[in-house]
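*Asks:* how would this look folded up:
(one chain, ligands or ions: 1)
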Amino acid sequence: MSQLVYETADELASATADRLVAALAAAQAARGTASVVLTGGRTGIAVLAALRSATLDWSSLDIYWGDERFLPAGDPERNETQAREALLDHVPVSPARVHPMAPSDGEFGDDPDAAAEAYAVLLKDVPSFDVCLLGVGEEGHTASIFPHSPAVYETARAVVAVRDCPKPPPTRVSLTLPTIRQASEVWLMTTGEAKAEPVASALAGASEEDVPAAGARGKRHTLWILDRAAASRL
Ligand code: 6PG
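*Replies:* Here you go, the predicted structure:
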């Protein structure tokens with residue numbers, strides 16, 4: 001596990017975008033393809049926006065989400081909507097290789113459990129992810145896995161519905177920690193003083209039940225990418 005600390009959120013977004021391009025290009029050089037898991041949240045979307053001018057073989061990239069707000073397609077609060085506006089609508093990705101989690105008005109209707117199960121079935125054919133991008137919440141959540149929630153204790157299902165989420169909107173779909181840990185690299189990216197406590201707790205060995213971000217570890221590498229404020233209690 002390692003940490004990178006940047007002076008500002010803008011510097012973090014720019015440097016992380018460059019690092020992600022290098023990681024995905026290396027995977028493509030080795031295997032002819034790469035896969036990335038996107039996150040919502042301010043920091044995650046800022047990194048995507050910083051990728052807009054990047055040079056990458058976008059058509060040889062599989063794109064997944066770590067979590068999604070369970071809302072109608074195109075809803076501005078959906079992570080997919082924000083990712084498309086920030087990046088995916090501006091680069092030549094292969095539409096068939098962009099794998100959003102179902103909306104609440106899609107083929108599974110307003111059933112987040114069915115949407116979660118369908119995503120788990122999709123992931124059955126995915127051996128691993130090259131890089132899983134994650135944010136960190138003020139109480140230590142990551143993806144839509146919150147402290148002492150059913151999702152943090154889930155070990156059987158790869159993807160779960162999340163209800164009564166403390167961070168609005170209340171209903172979501174999320175990868176579970178065992179699925180996140182299938183990633184070769186997990187990058188936890190967060191900024192601001194409000195995240196200093198959960199970051200320090202996670203890096204000091206807090207349990208994943210108390211601080212779910214602490215359970216987000218890559219098979220090969222776990223990287224905490226912080227600005228000075230979020231790193232201020234380390
Ligand atoms: C979501 C995200 C969530 C987010 C964190 C951090 O759907 O809300 O997946 O896990 O990454 O809450 O968000 P900020 O970077 O905006 O603080």
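
*Asks:* can you name the residue of this protein nearest to the ligand?
*Replies:* Relative to the ligand, the nearest point of the chain is G135 (2.1 Å; C-beta to the nearest ligand atom). Glycine gets a C-beta too; all of them are placed from N, C-alpha and C.

*Asks:* in space, what's closest to that residue - neighbours in sequence excluded?
*Replies:* Nearest residue to G135, sequence neighbours excluded (C-beta to C-beta, 6 or more residues apart in numbering): G41, at 3.6 Å.

*Asks:* helices of this protein, start to end?
*Replies:* All helices of the chain, identified by DSSP state H, fall at 9-31, 42-50, 79-86, 112-123, 150-153, 177-180, 196-203.

*Asks:* same question for the fourth one, mean pLDDT?
*Replies:* I take that to be helix 112-123. Helix 112-123 carries an average pLDDT of 98.

*Asks:* that one and the ligand in contact?
*Replies:* No - Helix 112-123 stays clear of the ligand (C-beta under 6 Å from any ligand atom), getting no nearer than 13.6 Å.

*Asks:* next: the longest one.
*Replies:* No - residues of helix 9-31 are not located near the ligand by C-beta under 6 Å from any ligand atom, the shortest gap being 9.3 Å.

*Asks:* now that helix: buried residues?
*Replies:* By neighbour count on 16 or more other C-beta atoms under 10 Å, the buried set for helix 9-31 is 9, 12-14, 16-17, 19-20, 23-25, 27-28.

*Asks:* quick one: contacts for the residue of the chain closest to the ligand?
*Replies:* By C-beta atoms under 8 Å, 6 or more residues apart in numbering, the contact set of G135 is 39-44, 142, 188-190.

*Asks:* of all the helices of the chain, which lies closest to I225?
*Replies:* Closest of the helices of the chain to I225 is helix 9-31, at 5.5 Å (criterion: C-beta to C-beta).

*Asks:* chain center to that closest one: distance?
*Replies:* Taking C-alpha atoms, centre = their mean, to the nearest Å, one finds helix 9-31 lying 15 Å from the centre of the chain it belongs to.

*Asks:* and for stretch 147-158?
*Replies:* With C-alpha atoms, centre = their mean as the basis, stretch 147-158 stands 16 Å off its chain's centre.

*Asks:* first to last residue in that stretch, what's the distance?
*Replies:* Stretch 147-158 has an end-to-end distance of 18 Å (C-alpha to C-alpha, to the nearest Å).

*Asks:* got JSON lines for the helices of the chain, with distance to H99 too?
*Replies:* Formatted as JSON lines, the helices of the chain follow (distance: least, C-beta to C-beta, whole Å):
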{"stretch": "helix 9-31", "distance to H99": "16"}
{"stretch": "helix 42-50", "distance to H99": "16"}
{"stretch": "helix 79-86", "distance to H99": "10"}
{"stretch": "helix 112-123", "distance to H99": "6"}
{"stretch": "helix 150-153", "distance to H99": "20"}
{"stretch": "helix 177-180", "distance to H99": "13"}
{"stretch": "helix 196-203", "distance to H99": "28"}
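
*Asks:* excluding sequence neighbours, find me the nearest residue to A115.
*Replies:* Spatial nearest neighbour of A115, chain neighbours left out: A102 (3.8 Å); criterion: C-beta to C-beta, 6+ apart.

*Asks:* correct me if wrong: that neighbour contacts V121.
*Replies:* No - if you go by C-beta atoms under 8 Å, A102 and V121 don't touch, sitting 11.5 Å apart.
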